[in-house]
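Peer 1: From the sequence below, what's the structure:
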Amino acid sequence: MTNSPNQSPDNVVPLKSDDHVLDEASMWLVKLESGLDAEQTNTLKEWLAIPLHRDTFLEMVALWDKMSVLSELADIVPHAPESSDKTTMHLANLRWKRPVAIAASLLLVGVLSFQGFHFFSSQPQSNEVAQVARYSLQASTKPGEHKSISLEDGSTLWLNTNSQVNIAFTETSRTIELLRGELHIEVAKDKKRPLNVLAAGKAIQAIGTAFNVQYHRGDLELVVTEGVVEVASYTFTQTDANRLLAPVIKSTNNAMTLVEGQKSVLSLPNSTVEPISLQDIANDLSWREGKIIFRGETLINVIEEVSRYTDKTVVLGDTKLANLQVAGLFNTNDVDALIATLADNLQISTDYTDDTIVLRSRMQ
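Peer 2: Next up, the predicted model:
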């Protein structure tokens, strides 16, 4: 995080030493799951010998639901507690007193890309079979339409224009398949049933968080607006109508983690994680209110975006118009009014046919 231009160093509150311990605990948890060499093992032994370090590490184990780590820890530190009901009760009674440090630890884990530290299993368990859906739904929207849906688990799902999803919840899983379009979801917390959004060969998993997924013309973009999500490639183990009820094979190769305020174009061969401002997030989510906001985008990009909200094909018939900049707030359910506004302000003529709108310059 950088200081704002008007912020002086005197206004910056340094993190307490405990917060640095929390960051170190996050790092050790990642390293332990990835595997330690002899030197790292000795260093961890020394680090855990300090009671504050040991307690903080156990808190991280509880936070990330990584109780299996304790059995590995017992090999490194003989007197370390093994996973048991007693240990679980002890961890449940630990209290987080450093909310700022928690956020810092999440960001740290995000930067480390969870090397070997994944929500996902790379292979389905042998005893996993297709389950019975306790809740299922198919939902879609028409061009120019948007809707919100309250799901069985308490999550809220929004669908943007021309979108389609299949939803299946079982006793152990929550799965949403995005076939086309755009969704935003606020995920209800349920550690026993992580929620997966499947689209274009990518599985986006969260326990309790909020994120936006757009799948349009082969492009898949993810924006995280709250919490943490992990992304991995997947393949179905079944291809019939029950595919959402059966386990999927998820690959941990090239998996990535995104935290609040980050985005990624997942359809790119080498996807990267980039920051996104609060203003840009607000603009991106304005469709939930039936609005679309442009802040200086080129006309060619505006036309591509507007085309999502109509069943007509919008064509730019004059290439010299392509780089004209557009700014304004428009209603997504009235594309004709948007086109008329563009025509009035940019000296553009419009030619309508049954299924096409052609834009040309009135300037010769």
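Peer 1: what distance separates the start and the end of stretch 322-337?
Peer 2: One end of stretch 322-337 to the other measures 20 Å (C-alpha to C-alpha, to the nearest Å).
Peer 1: for stretch 41-57, same thing?
Peer 2: Per C-alpha to C-alpha, the first residue of stretch 41-57 is 15 Å away from its last.
Peer 1: same deal with stretch 266-283?
Peer 2: 20 Å.
Peer 1: Check stretch 191-208 too.
Peer 2: End to end - C-alpha to C-alpha - stretch 191-208 spans 8 Å.
Peer 1: so what's the backbone phi/psi at A343?
Peer 2: The phi/psi pair for A343 (degrees, to the nearest 10) reads phi -60, psi -40.
Peer 1: Surely it and D351 touch.
Peer 2: No - A343 is beyond contact range of D351, at 10.7 Å (criterion: C-beta atoms under 8 Å). From N, CA and C alone the C-beta is placed, and that goes for glycine too.
Peer 1: So between the two, which is more surrounded?
Peer 2: The residue with more neighbours, out of A343 and D351, is A343; 15 against 11, by other C-beta atoms under 10 Å.
Peer 1: Before we move on, what's the pLDDT of the more buried one?
Peer 2: Listed pLDDT for A343 reads 89.
Peer 1: dump the residue contacts of it.
Peer 2: Residues in contact with A343 (C-beta atoms under 8 Å, 6 or more residues apart in numbering) are 349-350, 359.
Peer 1: ok, of these, which one's closest to I167?
Peer 2: Nearest to I167 among these is L359, at 38.2 Å by C-beta to C-beta.
Peer 1: Give the residues shared as contacts by A343 and D351.
Peer 2: By C-beta under 8 Å, 6+ apart, no residue touches both A343 and D351.
Peer 1: For V302, see how far away L338 is.
Peer 2: L338 sits 9 Å away from V302, taking C-beta to C-beta, to the nearest Å as the criterion.
Peer 1: That should have said L137, apologies.
Peer 2: Here the criterion is C-beta to C-beta. By it, L137 lies 33 Å from V302.
Peer 1: So if I had to pick from the two, which one is more boxed in?
Peer 2: Between L137 and V302, V302 has the larger neighbour count (other C-beta under 10 Å), namely 22 against 15.
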